[in-house]
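*Asks:* Sequence plus the predicted model coming up.
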Amino acid sequence: MSIDRATVAKIASLARIRMSEDELDCLAPELSGILDWVEQLGEVDTSQVEPMTAVIPNTLRLRDDVVDADPLTGGNKRDDILANAPAAEHGFFGVPKVIE
């Protein structure tokens, strides 16, 4: 895929990045090379490769979830914390709806 100077200028504008004319000219072939490399990755047959989440197997170290009963350093302070909230509902922070 070939990226021209106008496309780089448009991407820079959308990202609110100020670039000089020389930078635009230098970046166009670099971006084209990156996209060519990504296209090459799409040609690799991965049908026989099992999905994985990491290169090496990882296991998490688990511990008991215990609430510290010490009133100075421990938990069980929900009511104290929610007392500072502008709106609390059913033991949680109340927030305004942002999605219709």
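*Replies:* Received it, and whenever you're ready, just let me know what you need. Residues are numbered from 1 along each chain as shown.
*Asks:* Residues in contact with the lowest-mean-pLDDT helix or strand in the chain: which ones?
*Replies:* Of all helical and strand segments in the chain, the minimum by mean pLDDT, DSSP states H and E falls on helix 78-82, at a mean of 85. Under the criterion Cβ atoms under 8 Å, 6 or more residues apart in numbering, residues 88, 91-93 lie in contact with helix 78-82. Bear in mind the C-beta positions are built from the backbone N, C-alpha and C, glycine included.
*Asks:* immediately after that helix, which helix or strand?
*Replies:* Tracing the chain C-terminally past helix 78-82 and defining elements by DSSP states H and E, one meets strand 88-89 next.
*Asks:* Enumerate every residue touching the closest residue in space to Met19 that isn't next to it in sequence.
*Replies:* Distances taken as Cβ to Cβ, 6 or more residues apart in numbering put Ala12 closest to Met19, at 4.7 Å, once the chain neighbours are dropped. Listed by Cβ under 8 Å, 6+ apart, the contact set of Ala12 reads 18-19, 24.
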